[in-house]
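**Q** fold the following and give me the result.
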Amino acid sequence: MKLYCLSGHPNLPCLVLKFKSVTVMLDCSLDLTTTFSFLPLPLVHSARLAKLPSWVPKDADASDQDTLKTLKKELKECAGRVFVDSPPEVGIPEGGLLDLSTVDVILVSSFQCILALPYITEYTGFNGMIYATEPTAQMGRQLMEELVHHTERVPKTRTASKWKEPGVFKTLPAQLRDGLNPAALRDCYGLHDINSSLSKVQLVGYAQKLDVFGALQIMPLSSGYCIGSCNWLIQSHYEKISYISSSSVLTTHPQPMDQGPLQNTDVLILAGLTQSPTANPDSMLSEFCSHLAVTVKNGGSVLVPCYPSGVVYDLFECLAVFLDSSGLMQLPVYFVSPMADSSLAYSNIFAEWLCQSKQSKVYLPEAPFVHEELKTISRLKVFPSVHGDFSSEFKTPCVVFAGHPSLRFGDGVHFMEMWGQSKANTVIFVEPDIPYLEALAPFQPLAMKAVHCPIDTRLSFQQANKIISDLKPLHVVLPENYITPPPSLPQRSDLVLEADPPPTTYQRGEVLSLPIKRMYEKIEITPELASALVPSEIRQGVAVASVTGILEAKDNNYVLQSVPKQPTAGPGQKRKREDNADFAPPKPHVWGAVQVEQFVQDLEKNGVTDVKVEDTPSGHIIHLQSEDTLIQIEDGSTHIFCEGNEDLRIKLRNILLKCLSKF
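**A** Next comes the predicted model:
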């Protein structure tokens, strides 16, 4: 069993498991942190960005004027940082470890882990199966389409490529170069790629058992993190593997985590723990509301860069309660995203994927989420973009939820340009996957306040350690980052994962041989062959039978069938010689202990009379004096020493075999 790691980010997993001749991809996440190396795409012309000075390497070849001229157009400097002036590019999973066209099945655990799917299904020759829950597929589509909408809405006339050449790339500043692999960067896919890719997805439900080529059975189980998110159980007849990614044991809007079937697995593969181990989600919500209230009471507005799905549902609910209690019910709240309407609608449609308290509302009937009521009474106003009707409805102070949380494209860039130079305004980062200082870098110097309130409900290290202890897997496989404290908190030895035996770790580009050895395979016996068996009781309660048949292997299933009967030759016909010796009748198996007295009597019946028996500590020695032959009988073995008389040896062997039981 081998495990390939195609991603360098523990919360953006992409792993490939090879087991029983089946190649299974576990998630296909897209690395959007690469976009932080690029300048934002403003919706309208930005004089500030247009005036940024060019940057060229200090040790650049002055004689190569063409390269210098190109780099001056491609690289810009802002507040001491260097950025690429080009449409942002994304990081795809590692493609050099194995041929992705050989992947048989892709298992997707959440809508955030499906974004790289078009790169795999449309550009690698992939022809396998893809399994995901319906919310994962639909919300994944929303994130993909929003990404395409944001990048295509503001096209750039020039795409930078010179900076990626090896000779130039090594001269770039460390902050731009480190952690970036130019070979893994790609332009964003298009709507055609999305539609073609998602048309191949097969929708599944929780606890639904799926057969993969007869070799494996897979089953999705609720992970408790977001709507439709799941962990995967992969098992054969004798091996069991669990994949736990982005799970939560906190009580939020999705169905709770289902841990029962994950117990006592041979291997537990773990990914997607919290990215904010010291930030409690409840306290972050309180802090979010507190900063928001202070800002709007002082006449400022608040920008919340966010995805159109996920934690934003809980934020709307929490914010509505807070505004009611704070006397701010008239505060305008805007949700701006091309996917905003469909996201809110789908969250109410997928009631069966929600926790019990929200499911029960559907039968009242009520909408599971409060944002439906907020929309109805116009306390939450939803717009596809800042163009059109938004302009006439827009009032300040207000709260705006807008994408993209990276602040490299989307309507959030427009609000940063519009509000960034006012101290009265605040930008609050709630998405835990976004390093907020990196997101803000191209907007410096920034007057507006920036607050980091990451709301991450995924498993903490303490919770993950407890789950590992409760599930009792034989082996644990996890990212290398999880066995050492975070770089920002090196003294926090509690922020690590532990297991017994010590866990196996992985990082991008590694291929691991997992400690599982297949020892058994299940074989079915046909009823015809089973009815022909004649068991022999070797001791009380234990019977054995000799089985001879033809083993048929088809679709990874094994069936033992009866040996075909040979045709009987007719009168005057010679029987055709059987070329296949495997069809010869089986020889019987002998068992039991040799009864010496019975053996001696049988020898005398066959003309061997001069017999002398001698007892030894390990058995008996029978001396045939007239034949100058010794027969040594011990527990488990019998030896005949007859000085090369082969005829005598065969005669004695046959007499001996008659003294033993057969089956």
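**Q** quick one, helices of the stretch 501-650 of the chain?
**A** With DSSP state H, counting those that start in this stretch as the criterion, the stretch 501-650 of the chain has helices at 527-531, 596-605, 646-657.
**Q** nope, the stretch 101-250 of the chain is what I was after
**A** With DSSP H, counting those that start in this stretch as the criterion, the stretch 101-250 of the chain has helices at 117-123, 134-153, 166-169, 174-177, 191-198.
**Q** now those in JSON lines, with mean neighbour count and mean pLDDT?
**A** In this view, the C-beta of every residue, glycine as well, is placed from N, C-alpha and C. Below are the helices of the stretch 101-250 of the chain laid out as JSON lines (neighbours: other C-beta atoms under 10 Å; pLDDT from 0 to 100):
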{"stretch": "helix 117-123", "mean neighbour count": "22", "mean pLDDT": "96"}
{"stretch": "helix 134-153", "mean neighbour count": "22", "mean pLDDT": "95"}
{"stretch": "helix 166-169", "mean neighbour count": "14", "mean pLDDT": "88"}
{"stretch": "helix 174-177", "mean neighbour count": "14", "mean pLDDT": "88"}
{"stretch": "helix 191-198", "mean neighbour count": "16", "mean pLDDT": "96"}
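**Q** would a markdown table of the ones you listed with distance to residue 366 be doable?
**A** Shown next, in a markdown table, are the helices of the stretch 101-250 of the chain (distance: least, C-beta to C-beta, whole Å):
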| stretch | distance to residue 366 |
| --- | --- |
| helix 117-123 | 35 |
| helix 134-153 | 20 |
| helix 166-169 | 56 |
| helix 174-177 | 50 |
| helix 191-198 | 31 |
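**Q** ok, which of those helices comes nearest residue 83?
**A** helix 174-177 (7.6 Å; C-beta to C-beta).
**Q** what's that closest one packed up against?
**A** strand 81-84 (3 or more C-beta pairs under 8 Å, 6 or more residues apart in numbering; DSSP states H and E).
**Q** so which of the helices of the stretch 101-250 of the chain gets nearest residue 613?
**A** Of all the helices of the stretch 101-250 of the chain, it is helix 117-123 that lies closest to residue 613, at 76.6 Å by C-beta to C-beta.
**Q** got the helices of the stretch 501-650 of the chain as CSV, with distance to residue 230 columns?
**A** Shown next, in CSV, are the helices of the stretch 501-650 of the chain (distance: least, C-beta to C-beta, whole Å):
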stretch, distance to residue 230
helix 527-531, 39
helix 596-605, 67
helix 646-657, 60
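**Q** output those in TSV; the columns should cover mean pLDDT and distance to residue 86.
**A** What follows is the helices of the stretch 501-650 of the chain, written out as TSV (pLDDT from 0 to 100; distance: least, C-beta to C-beta, whole Å):
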stretch	mean pLDDT	distance to residue 86
helix 527-531	90	68
helix 596-605	84	93
helix 646-657	84	85
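**Q** looking at these, which is closest to residue 394?
**A** Closest approach to residue 394 among the helices of the stretch 501-650 of the chain (C-beta to C-beta): helix 527-531, 75.7 Å.
**Q** so which elements touch the closest one?
**A** Counting contacts by 3+ C-beta pairs under 8 Å, 6+ apart, helix 527-531 is packed against strand 557-561.
**Q** flag every buried residue along the strand it packs on.
**A** residue 560 (16 or more other C-beta atoms under 10 Å).
**Q** name the strands paired with that strand and say parallel or antiparallel.
**A** Within its sheet, strand 557-561 is paired with strand 524-525 (parallel), strand 550-554 (antiparallel), according to DSSP bridges.
**Q** turn the helices of the stretch 501-650 of the chain into a markdown table, including mean neighbour count.
**A** Putting those into a markdown table (neighbours: other C-beta atoms under 10 Å) gives the following:
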| stretch | mean neighbour count |
| --- | --- |
| helix 527-531 | 12 |
| helix 596-605 | 14 |
| helix 646-657 | 14 |
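**Q** out of the ones you listed, which is closest to residue 565?
**A** Among the helices of the stretch 501-650 of the chain, helix 527-531 sits nearest to residue 565 (C-beta to C-beta), with 11.3 Å.
**Q** and the contacts of the closest one?
**A** Helix 527-531 has contacts (C-beta atoms under 8 Å, 6 or more residues apart in numbering) with 547, 549, 560, 561, 562.
**Q** pretty sure the first one is in contact with residue 560, am I right?
**A** Yes - contact status for residue 547 versus residue 560: in contact at 6.9 Å, counting by C-beta atoms under 8 Å.
**Q** where does the stretch 51-200 of the chain have low pLDDT?
**A** Low-confidence segments of the stretch 51-200 of the chain (pLDDT under 70): 60-63.
**Q** if we can go back for a sec, out of the helices of the stretch 101-250 of the chain, flag the one nearest residue 471.
**A** It is, among these and with distance given as C-beta to C-beta, helix 134-153, at 23.1 Å.
**Q** pLDDT weak spots in this structure?
**A** Looking at the chain by pLDDT under 70, you get 60-63, 566-586, 663.
**Q** repeat that for 50
**A** For the chain, residues meeting the criterion pLDDT under 50 lie at 578-579.
**Q** on that earlier part again, is it possible to get TSV of the strands paired with strand 557-561 that adds mean neighbour count and distance to residue 97?
**A** Putting the strands paired with strand 557-561 into TSV (neighbours: other C-beta atoms under 10 Å; distance: least, C-beta to C-beta, whole Å) gives the following:
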stretch	mean neighbour count	distance to residue 97
strand 524-525	14	37
strand 550-554	11	29
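**Q** output the ones you listed as a markdown table; include the columns distance to residue 277.
**A** Rendered in a markdown table, the data for the strands paired with strand 557-561 read as follows (distance: least, C-beta to C-beta, whole Å):
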| stretch | distance to residue 277 |
| --- | --- |
| strand 524-525 | 49 |
| strand 550-554 | 49 |
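**Q** name the helix or strand for residue 23, please.
**A** Using DSSP states H and E, residue 23 maps to strand 22-26.
**Q** just the CA coordinates for stretch 219-236, please, in CSV.
**A** Taking C-alpha atoms only, stretch 219-236 is exported to CSV below (Å, rounded to 0.1, in the frame of the first residue of the first chain):
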residue,chain,number,x,y,z
MET,A,219,-18.5,4.9,2.5
PRO,A,220,-18.9,8.6,3.2
LEU,A,221,-19.6,9.6,6.8
SER,A,222,-20.6,13.0,8.2
SER,A,223,-17.6,15.0,9.3
GLY,A,224,-19.6,17.7,11.1
TYR,A,225,-17.6,20.6,9.5
CYS,A,226,-19.9,22.1,6.8
ILE,A,227,-23.0,21.1,4.8
GLY,A,228,-22.3,17.8,3.1
SER,A,229,-18.7,17.5,4.3
CYS,A,230,-17.7,13.9,4.9
ASN,A,231,-14.9,11.6,6.0
TRP,A,232,-14.3,8.4,4.0
LEU,A,233,-14.1,4.8,5.1
ILE,A,234,-12.2,2.5,2.6
GLN,A,235,-12.2,-1.2,3.3
SER,A,236,-11.6,-4.6,1.7
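**Q** just to revisit the earlier point, quick check: neighbours shared by residue 547 and residue 560?
**A** With C-beta under 8 Å, 6+ apart as the test, residue 547 and residue 560 both reach 525, 529.
**Q** so who does residue 79 touch?
**A** Residue 79 neighbours (C-beta under 8 Å, 6+ apart): 441, 444, 445.
**Q** which residues does the second one contact?
**A** Just to be clear, that refers to residue 444. Residues near residue 444 by C-beta under 8 Å, 6+ apart: 78, 79, 81.
**Q** ok, residue 220 next?
**A** 107, 131, 133, 204, 205, 206, 207, 208, 230, 231, 232, 233.
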